[in-house]
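*Asks:* With the input below, show me the fold.
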Amino acid sequence: MKKILVVDDNKEILEVIELILGLEGYQVNGLWDASKLNQRITDFKPDLILLDVMLGVLDGRDLCNLLKKDKSTDHIPVIMISASHTLGDMNNHICHPNDFIAKPFDINNLINKVGAQLVA
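*Replies:* Residues are numbered from 1 along each chain as shown. Model (predicted):
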């Protein structure tokens with residue numbers, strides 16, 4: 001069973017994504033406190049990370065950049081999620097996620113993008 005770590009400081013959105021992906025057969029672990037990201041990755045060992053851009057005082061683009069530069073996490077696909085940013089904003093911030101989903105998201109789009117990353 002593929003493991004997905006969802007990082008979003010909005011607990012309602014986090015719960016919705018966990019429910020949707022759980023129903024698709026994935027093992028989903030939600031994290032609303034992004035300061036605990038590294039420990040959760042170590043403990044959970046996700047196959048994919050869904051990462052919100054706006055995480056309170058933290059910027060998901062910076063976290064994505066750190067994940068992609070770290071040899072222990074650079075292999076994990078990252079899909080960025082945002083209501084206020086675009087994929088261009090990711091690249092301008094030196095963050096190169098594997099994919100991007102705009103909020104509000106279409107459920108089928110979420111499922112398809114997650115599935116595409118997990119078969120790659």
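*Asks:* C-terminal to the strand or helix carrying residue 65, what's the next element?
*Replies:* Residue 65 is located in helix 60-69, with elements delineated by DSSP states H and E. Using DSSP H and E, the helix or strand that follows helix 60-69 towards the C-terminus is strand 78-82.
*Asks:* So which residue is smack in the middle of the protein?
*Replies:* Ranked by distance to the mean C-alpha position of the chain (C-alpha atoms, centre = their mean), the top residue is residue 50 at 1.3 Å.
*Asks:* Contact partners for it?
*Replies:* Under the criterion of C-beta atoms under 8 Å, 6 or more residues apart in numbering, the contact partners of residue 50 comprise 4-8, 17, 79, 81, 101, 114. In this view, the C-beta of every residue, glycine as well, is placed from N, C-alpha and C.
*Asks:* wait, which of the residues you listed is closest to residue 27?
*Replies:* Here the nearest of those to residue 27, counting by C-beta to C-beta, is residue 4; it sits at 7.2 Å.
*Asks:* can you pull out the helices in this protein?
*Replies:* Chain-ordered helices for the chain, with DSSP state H as the definition, fall at 11-23, 37-44, 60-69, 87-92, 107-119.
*Asks:* Would you tell me which one of those is buried the most?
*Replies:* Sort the helices of the chain by mean neighbour count, taking mean count of other C-beta atoms under 10 Å, and helix 60-69 sits at the top with a mean of 19.
*Asks:* quick one: that helix to helix 37-44, angle?
*Replies:* Computed by axes from the mean of the first three to the mean of the last three C-alpha atoms, to 10 degrees, the angle separating helix 60-69 from helix 37-44 equals 50 degrees.
*Asks:* Return the closest of the contacts of residue 50 with respect to residue 95.
*Replies:* Among these, and counting by C-beta to C-beta, the member closest to residue 95 is residue 79, at 11.9 Å.
*Asks:* Run a quick neighbour tally on the residue lying closest to that closest one once chain neighbours are set aside.
*Replies:* Counting by C-beta to C-beta, 6 or more residues apart in numbering, residue 99 is the residue found nearest to residue 79 once chain neighbours are left out, at 4.5 Å. Counted with other C-beta atoms under 10 Å, the neighbours of residue 99 add up to 17.
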